[in-house]
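Asks: need a structure here:
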Amino acid sequence: MKKLLASKKGFFALAVIFLWAKTYFSYQTVFNLDITNALQEFLLVLNPLSASIVFLGLAFLAKGRRMGIWLLVLDFLMSFLLYANVLYYRFFNDFVTLPTLKQTDNLGSGMGGSIFGLMEGYDFVYFLDIALLIVLYVFTRKNWSTERLAFRKTAMVVISGVALFAVNLGLAEADRPQLLQRTFDRTYLVKYLGPYNYTIYDAVQNAKTSTQRVMASPNDINEVKEYTDANYAEPNPEYFGNAEGMNVIKIHLESFQSFLIDYKLHGEEVTPFLNSLVHDKEVTYFDNFFHQTEQGKTADAELLMDNSLYGLPQGSAFSVKGTNTYQAAPAILNQEQGYTSAVFHGDEKTFWNRDEIYKQFGVDHFFDSTYYNMENSVNYGLKDKPFFEESMPLLKSLEEPYYAHLITLTNHYPFPLDPEDATIEKADTGDRTVDNYFQTARYLDEALEQFFNDLKESGMYENSVILLYGDHYGISTNHNRAMEQIMGKEITEYQNAQMQRVPLMIKAPGLEGGVNHTYAGELDVLPTLEHLLGIDSSKYIQFGTDILSEEHDGTVGLRNGNFISKDYTVLGDDYYDTATGEVIEDEAKIKEIKAQKEKLAKELSLNDKILYGDLLRFYDPEGWTPVDPSNYDYNNRSESEEE
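Replies: Predicted structure coming up:
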């Protein structure tokens, strides 16, 4: 054994064993891969080996003792990829894709605190083996042959890894037919193939999509337009045009989930002001409104809300498709009714590539961190109370009518808050993330109340449509154990899907107020707003439908191919009755569900053709002038003059 460990082959074998072990460790401690049978459990044991053997085996191509350096570098890169997935999964409950790696600019724009908050004390195990291998290399390399391993033997090592992958894939396909065609769900791919083989698959898929823009033609948009025309919902004449000419103030409630509404912690309402809006006769609250975001999270929500387009299956369109042609709300409202548009955000303008994609949207003004006093910041940026306070004079400066989008920040993972800003005690689940969440939600609630008071005092409230929405979940499934204490019940996969509700509240003329139980998603907001303002959405390519229309499609499609409606909750191959949570076994209903899944799959496919092929460059609605991004400049000139 001592002689074997002192050899190149022993060094390689030990590296493979270490990499396999920590990958399997991550399966058991971090990734929730929903194992349902013995074959799937066996594949968890098997799937890290093929990639470990293939990639680490490439080190044998190096001559002499350099083989050890090659192997250590390859091992480090694979370990880094694994750990990146661990951190990413702890918050997003998802796996890293190549497009998300293009979003690393966000790391320098305030994500540092979130990343450190995701780390655990035992994480050193992901790199401990590399340290041990370095020590072993230093003390044993003198015994190594200075010759390169025969190419035939190196090839045999690599081929054995490929053969092992073929066995792995065959077993996976037996358990999950058409696995590689199911691109909507990365969890399945990692469960069956492992994180390393999944990354190769992701790279191939990314290469395919990157060619779609080059290959796209004007004819490709016709199929999309035919689909959106067929699914268009006529506006409800009772509401159409009721808010024409009014200012629109859209408020983004960061990481705010609907379970907070009317929730009491320690006997206190967590969000008393938002609760009052829910029960206000002037405000309509949609209690079955779901976020539809994927890896882009907040950026996806903005894309959905302003374009009625889904995000990408991998990465964020804001980052990787930021130079696409769009027909977004700011440009539509401007060209249809002369609206001025502005976004207010107390963070760096480059975060999520906003300073570039907003130009494609036709946003006139982008008030980023350079317009605010950033001394009173926490986590991602300016605290919500000073943010709203300092936004008021900027809001007043806009030419009316305006479309103003204010993005809050304080209620964002990992939910830190200075003690002097906390006005409710933390929860006591023992989970820091969950316990902190209620304090930052209360802080956001208080900031909103002050902002509403300021709007009323300034006279801006009465002449404004006010829209509040939650962008995505705040608490991921990694915290289900603590959330079960909060909710007082077990959080199953079905229950977790129901918890993806986020608030949508609209104050507009003619809306009767109170609670509206219609099922809807972020995709549906733009056509709803357009119709309230008297703009017919039919000439635009939008996948959502007017929530207030009698023809509204109440099926809320999710980016992974699942959907939720009043009748059904569909999670992979599991079908539930939405009202009861019972598994559906009725064949007639299952047939109906499968037809809806096929329709959604087509919709998602058409959506991706738009984004990957930049198809909107080929489509000009009647009277439309394509947005020229060179017409927009988001530099703070007053700041430059002061300097």
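
Asks: Could you give the secondary structure assignment for the residue nearest to K297 when sequence neighbours are not counted?
Replies: Nearest residue to K297 in three dimensions, chain neighbours excluded: H472, at 4.9 Å (CB to CB, 6 or more residues apart in numbering). Glycine gets a C-beta too; all of them are placed from N, C-alpha and C. With DSSP: H, G, I helix; E, B strand; the rest coil as the basis, the three-state label of H472 is coil.

Asks: wait, what's in contact with H472?
Replies: 255, 291, 293, 297-298, 300-301, 502 (CB atoms under 8 Å, 6 or more residues apart in numbering).

Asks: rerun at 7 Å
Replies: Neighbouring residues of H472 by CB atoms under 7 Å, 6 or more residues apart in numbering: 255, 291, 293, 297-298, 301, 502.

Asks: and it, how far is that from T140?
Replies: 50 Å (CB to CB, to the nearest Å).

Asks: any idea which of the contacts of H472 is closest to G117?
Replies: Taking CB to CB as the measure, S255 is the one of the contacts of H472 closest to G117, at 13.5 Å.

Asks: Pull the contacting residues for the residue nearest to that closest one when sequence neighbours are not counted.
Replies: Distances taken as CB to CB, 6+ apart put G474 closest to S255, at 3.4 Å, once the chain neighbours are dropped. By CB under 7 Å, 6+ apart, the contact set of G474 is 255-257, 411, 413, 437.

Asks: Thought S538 was touching Y232, still the case?
Replies: Yes: at 5.1 Å, Y232 counts as touching S538 under the criterion of CB atoms under 7 Å.

Asks: what's the following helix or strand after the helix or strand harbouring Y198?
Replies: Secondary structure assigned from DSSP states H and E places Y198 in helix 186-210. Where DSSP H and E defines the elements, the next helix or strand beyond helix 186-210 is helix 212-215.

Asks: for that next one, which positions count as buried?
Replies: Q212 (16 or more other CB atoms under 10 Å).

Asks: Pull the residues that contact the helix or strand just after it.
Replies: Per DSSP H and E, helix 212-215 leads on to helix 220-230 as the next helix or strand towards the C-terminus. Under the contact criterion CB under 7 Å, 6+ apart, helix 220-230 has outside partners 541-543, 606, 609-610, 613, 615, 618-619.

Asks: from the chain's centre, how far out does helix 220-230 sit?
Replies: Counting by CA atoms, centre = their mean, to the nearest Å, helix 220-230 is centred 26 Å from the centre of its parent chain.

Asks: now swap in stretch 541-561 and tell me
Replies: Counting by CA atoms, centre = their mean, stretch 541-561 is centred 19 Å from the centre of its parent chain.

Asks: Return the set of buried residues in it.
Replies: 541-549, 552-561.

Asks: Could you do stretch 599-609 as well?
Replies: By neighbour count with 16+ other CB under 10 Å, stretch 599-609 contains the buried residues 599-600, 603-604, 606-609.

Asks: now Y358: how far from M392?
Replies: Distance of Y358 to M392, given as CB to CB: 21 Å.

Asks: These two: which is more packed in?
Replies: Per other CB atoms under 10 Å, whichever of Y358 and M392 has more neighbours is Y358, with 30 against 16.
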